[in-house]
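>>> Quick one: sequence and predicted model below, then my questions.
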Amino acid sequence: MADVLVGVVVFPGSNCDHDTEYAVASFEGVKPVMLWHNEHDLKGAKAIILPGGFSYGDYLRAGSIARFSPIMQEVIEFARKGFPVLGICNGFQVLLESGLLEGALSRNRDKKFLCTQTNIRPVNCSTIFTSLYKEDDVLSIPIAHGEGNYFAPAEVIESLEEHNQIVFKYTDALGGVTEEANPNGSLKNIAGIINRQGNVLGLMPHPERASEKLLGSLDGRPLFQSLYNHISGV
Amino acid sequence: MPYTAKIKVTLRQSILDVQGKAVEHALKNLGYGTVESARIGKYIEVTINEQDSLQAERIANEISQKLLSNPVMENYSFELEHVK
């Protein structure tokens, strides 16, 4: 059987595109295909990943200009048809700016750019991105961002909770959702959310940087594997 | 003649402005004891080649909502100036 294609979008200023390509290529049965921001062709991809970085230099607001790039018009259409879209870090910011996910990411509470290992817990394992995790798993996955402080109006937070759309939360090493374990001030320790339809996931931590033993953690792999199982019909 | 839209984008009061906080602390450290707070926003000048002020105003509103501000966490306001 031919490999299933996974599109990795490349914006000017993306800097995790090749890490993501490398991570995708390390799985059986899937092959990465790079998608340039100025194109309209998704090249037959069955899932799209928006990688981390600083698209368009983070000018104006992180993700705000990328949202209007030609490729994003196709990605938005693809997502609206129900196909899987995963946004990592800057990719999450792009998804929020696109309106595919609700809320916004503002400057980290303590002003600092944070580049560190964090613990997160998959608090909803019934999604196509998390089916191989268990809800009491405590994952070790790095973050690297200056604007990861998740904010949304109270009614949006209520609705996210009601529809089980919060997928990842920052925790301590034992899985406790505490204020001390919250690196950036995100409401409810939110590290990742999914849309109501369940096909668009955005998260600040970098699963592609936790996908090889040499990198110190393999905890990001089940996320990609869950997605690939879904698109390959396993 | 075109119009210049002088657009200000500010963080909503409910959003913690960490840049503003850093500036506020610096001002207090400089001895300005009466400084109570500082908030940082963005100022954007856009020249719009429209003859009609209503049309220019409509465009200024539209671009502010669509791209220049994020309504989830920011407010915007603008002044239109006729370029002579």
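Nice, thanks for sending it over.
>>> Could you pull up the residues touching the residue of chain A found nearest chain B?
Residue nearest to chain B within chain A: A:Ala104 (4.0 Å; CB to the nearest CB). Quick note: C-beta positions are derived from backbone N, CA and C, even for glycine. When contacts are counted by CB atoms under 8 Å, 6 or more residues apart in numbering or on different chains, A:Ala104 is found next to A:96, A:150-152, B:70, B:72-73.
>>> low-confidence ranges in chain A?
Along chain A, the parts satisfying pLDDT under 70 run over A:1.
>>> Am I right that B:Leu67 is in a helix?
Yes - secondary structure of B:Leu67 (DSSP: H, G, I helix; E, B strand; the rest coil): part of a helix.
>>> which parts of chain B sit against chain A?
B:11, B:15-19, B:21-22, B:42, B:67-68, B:70, B:72-73 (CB under 8 Å from any CB of the partner chain).
>>> Buried ones only from these, please, as a ChimeraX command.
A single ChimeraX command selects the buried members of the residues of chain B next to chain A (16 or more other CB atoms under 10 Å in any protein chain shown):
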select /B:11,15,17,18,21,67,68,70,72,73
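>>> ok, of the residues of chain B next to chain A, which one's closest to A:Gly233?
Minimum separation from A:Gly233 among the residues of chain B next to chain A (CB to CB) is found for B:Val72, which lies at 36.5 Å.
>>> which residue packs closest to the closest one, ignoring adjacent ones?
Closest residue in space to B:Val72, ignoring its immediate chain neighbours: A:Ala104 at 4.0 Å, by CB to CB, 6 or more residues apart in numbering or on different chains.
>>> Is that neighbour bridged to anything, and to what?
Taking DSSP bridges, one finds A:Phe151 as the beta-bridge partners of A:Ala104.
>>> What helices and strands are in contact with the longest strand anywhere in chain A?
Among the segments of chain A that qualify as a strand by DSSP state E, the longest is strand A:114-122. Packed against strand A:114-122 by the contact rule (3 or more CB pairs under 8 Å, 6 or more residues apart in numbering or on different chains; DSSP states H and E) you find strand A:139-145, strand A:166-171, strand A:190-194.
>>> Return the most buried member of these.
Looking across the helices and strands packed on strand A:114-122 with neighbours counted as mean count of other CB atoms under 10 Å in any protein chain shown, the highest average goes to strand A:190-194: a mean of 28.
>>> hmm, who's touching the next helix-or-strand element following it?
Sequence order places strand A:200-203 as the next helix or strand after strand A:190-194, per DSSP states H and E. Around strand A:200-203, the neighbours that count as contacts under CB under 8 Å, 6+ apart are A:79, A:84-89, A:91-92, A:95-96, A:100-101, A:127, A:129, A:167-168, A:191-195.
>>> what's around residue 31, how many residues?
In the absence of a named chain, this looks at chain A. Using other CB atoms under 10 Å in any protein chain shown, the number of residues around A:Lys31 comes to 14.
>>> look at chain B instead
For B:Gly31, the tally of surrounding residues (other CB under 10 Å) stands at 7.
>>> Quick one: name the residues of chain A near chain B.
Near chain B, the residues belonging to chain A are A:60-61, A:64-65, A:68, A:96-97, A:103-104, A:106-111, A:149, A:151-153, A:185 when assessed by CB under 8 Å from any CB.
>>> A:Ser14: what's it in contact with?
Neighbouring residues of A:Ser14 by CB under 8 Å, 6+ apart: A:51-55, A:90.
>>> Then B:Ser53?
Remark: with contacts taken as CB under 8 Å, 6+ apart, B:Ser53 is in contact with B:3, B:80, B:82.
>>> I'd like to know how many residues surround the first one.
In this case it means B:Tyr3. Close neighbours of B:Tyr3, defined as other CB under 10 Å, add up to 22.
>>> Please name the bridge partners of residue 4.
The chain I'm using is chain A. Those that pair with A:Val4 in a beta bridge, by DSSP bridges, are A:Val30.
>>> hm, I was asking about chain B
According to DSSP bridges, B:Thr47, B:Glu81 are recorded as the beta-bridge partners of B:Thr4.
>>> doesn't B:Glu45 make contact with it?
Yes - with contacts defined as CB atoms under 8 Å, B:Thr4 counts as touching B:Glu45 at a distance of 5.8 Å.
>>> Comparing those two, which shows the higher neighbour count?
Set B:Thr4 next to B:Glu45 and count neighbours by other CB under 10 Å: B:Thr4 wins out with 17 against 10.
>>> Report the separation between the more buried one and B:Gln19.
Between B:Thr4 and B:Gln19 the computed distance is 26 Å (CB to CB, to the nearest Å).
>>> can you give me the strands for the chain?
Picking chain A for this. Counting by DSSP E, one finds strands in chain A at the ranges A:4-10, A:30-36, A:47-50, A:85-88, A:104-106, A:114-122, A:139-145, A:149-151, A:166-171, A:190-194, A:200-203.
>>> oops, I was thinking of chain B
B:3-11, B:42-48, B:74-82.
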